[in-house]
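**Q** generate coordinates for the sequence data below:
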Amino acid sequence: MMSEALLAQQMQGTISPVRQCPTFHRLNLEYVAFLRGLQPPNIAKLLDNGIRGNLHQSSKSGEEMSSLHAEMEWQATTIFNQSLQLLQDKEHFRKRLLANSNGSFVLYRAGMSADLASKKLSESLVVSDTGVSQRILLAEQLLIDALSVNEHNYRAHFELGWIYLFLLDKLPESTFHLTFAMQQSDVCNPQFAQFVRRHLADAWYGLQKFGESAELMMSVLPHALPGDLEVRYELSRYLAASGETQAAAQQLAQVVGRSPLYYVQAQVEPDFAGNSELVGVLQDLRSVRVQRIQHYVHAQWQQNALASLALPDQIDSGALFQQVVEQHERVMTHLPYVTLSQREQQIGARILAASQQRIIREVRLRSRHYEQVAEKERQRWSWINQTGGLLVHLSTILLLASLMFYLLRFVLDLFGIGNLLDADAMVSNILGSMLLLGSAGTMLLQFVPWGMKKLLVKQMELDNTVSFLKSSS
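**A** Model (predicted):
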């Protein structure tokens, strides 16, 4: 793994040239990865740091970058595979140069000079500040010497053009050598020629000849790798810079609609800043994401049993569902585009789950409401039940008194003095009062306030509905 010092040096110098103010693009890193033989984890880290630097320059947070890890890895793998292809092409080209030298020491030495230049250029990326310029200038001179002997060395032309483009800021010289490399590689290595064209387009962009940049990228577009959107993104930048806003918007929409990573980049892209149509493209794509989530949620809701279930107490499940959707729509307007694009189904599923919970909560609230109303009514009329209880209590006392009277008289009859308690008429009156009080008390105890039964039935229906909804969720 690379040290933090190396990362910082590369980010501040080679892959973020001052002429770009400084804006990082993937192209800045691609040949660096080849020169240093970087592995995908290192490439991904540099990509992440570069885009975070762009966000920082625009005073935006890079929080959404953590959710783009998979796309960063894919980009890093693409660059790594490209580096392997560049290395393989260079070995074939070296062998071809050696075979064509016909034993000429001068040609052999020119080839070795070009290889040594690559080595010095690679070393310039990791040495201290005092040694960087020396190695770059040495690499430049070695390449010039090699080309003075063999001007058909298109790899040397490209490398010298790359030095002028990214390290020495000599854009006219860069376009000259990159054009020469493109023309020669077109014949024997068309794939490398497309790689050169992208750098040449960047050089023309630096010279503010945006039309030439866009034209070159249009020629590269048919040869782009499937799934690699970088070419389209570069083309949209050059078209926007050249004033072809509508064409730029079409290309940008195709890129951003398929990759949230490019949406993050486009938000802070200087070529798109201040262009209302391109900014509108980004806003429209965000709206499209929200609409897709809305469509998914409504489609899933129509298939949900709650949508057609008749709820008690005239509860409208559709209205509750719409309330939840509107609440989440307000939240979605503040979510990063990355989150919307990567978690469409998760957000939709969360809205559906929240809708079901909202309906359950509404049913439970209605049940608690009826319970509270019933309790208030019970407390309001409780004096009637309390009076009934008192009457039943008095009736019981009278009954016990009558029983005690008859028991005592039975005992006295055993001793022959039962005539002392001869009060049958009075006891009969007491028993009559006991029956009257008992009947009245029982009736008052069973008193239920008017409407209470209906409230209890509604509460029972609501409670049963809550249990059913919970069991089916």
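**Q** shaky segments in the stretch 301-450 of the chain?
**A** 333-342, 416-424, 447-448, 450 (pLDDT under 70).
**Q** quick one, helices of it?
**A** All helices of the stretch 301-450 of the chain, identified by DSSP state H, counting those that start in this stretch, fall at 305-308, 317-332, 337-342, 344-380, 382-414, 424-445.
**Q** so which of those helices gets nearest M182?
**A** The closest of those to M182 is helix 337-342. By C-beta to C-beta, the value is 35.9 Å. Where C-beta positions appear, they are placed from N, C-alpha and C, glycine not excepted.
**Q** now, of the helices of the stretch 301-450 of the chain, which is deepest in the fold?
**A** Highest mean neighbour count among these (mean count of other C-beta atoms under 10 Å): helix 337-342, with a mean of 19.
**Q** ok so, going back, out of the helices of the stretch 301-450 of the chain, flag the one nearest F210.
**A** Between those, helix 337-342 lies closest to F210; by C-beta to C-beta that is 26.8 Å.
**Q** ok, back up a step: of all the helices of the stretch 301-450 of the chain, which one is nearest H295?
**A** Minimum separation from H295 across these (C-beta to C-beta) falls at helix 344-380, 9.0 Å.
**Q** rewinding a little: of the helices of the stretch 301-450 of the chain, which is nearest L143?
**A** For L143, the closest of the helices of the stretch 301-450 of the chain is helix 337-342, at 41.9 Å, according to C-beta to C-beta.
**Q** just to revisit the earlier point, now the helices of the stretch 301-450 of the chain as TSV including distance to V220?
**A** As requested, those are exported to TSV (distance: least, C-beta to C-beta, whole Å):
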stretch	distance to V220
helix 305-308	51
helix 317-332	37
helix 337-342	26
helix 344-380	32
helix 382-414	88
helix 424-445	94
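**Q** of these, give the one that comes closest to A33.
**A** Nearest of the helices of the stretch 301-450 of the chain (C-beta to C-beta): helix 337-342, 24.6 Å.
**Q** compare the helices of the stretch 301-450 of the chain and give me the one nearest R292.
**A** Proximity of the helices of the stretch 301-450 of the chain to R292 was assessed by C-beta to C-beta; the nearest stretch is helix 344-380, lying at 6.0 Å.
**Q** if I look at R232, how far off is L168?
**A** Between R232 and L168 the computed distance is 30 Å (C-beta to C-beta, to the nearest Å).
**Q** what of G318?
**A** G318 is 68 Å from L168, by C-beta to C-beta.
**Q** low pLDDT regions in the stretch 51-200 of the chain?
**A** For the stretch 51-200 of the chain, the ranges with pLDDT under 70 are 62, 101-103, 105, 108, 127-131.
**Q** repeat the analysis, applying 90 as the threshold.
**A** Along the stretch 51-200 of the chain, the model assigns pLDDT under 90 to residues 51-72, 90-139, 142-153, 166-169, 187-188.
**Q** so which residues of it form strands?
**A** For the stretch 51-200 of the chain, no strands are identified by DSSP state E, counting those that start in this stretch.
**Q** need the helices for it, in chain order.
**A** Using DSSP H, counting those that start in this stretch, helices in the stretch 51-200 of the chain cover 69-100, 105-123, 129-149, 154-166, 171-188, 190-206.
**Q** I384: which of those is closest?
**A** Here helix 69-100 is closest among those (C-beta to C-beta), at 71.5 Å.
**Q** which residues touch E277?
**A** Contact analysis of E277 by C-beta atoms under 8 Å, 6 or more residues apart in numbering lists T245, Q246, A249.
**Q** Q85 and P222: what is the separation?
**A** Where P222 is concerned, Q85 sits at a distance of 18 Å (C-beta to C-beta).
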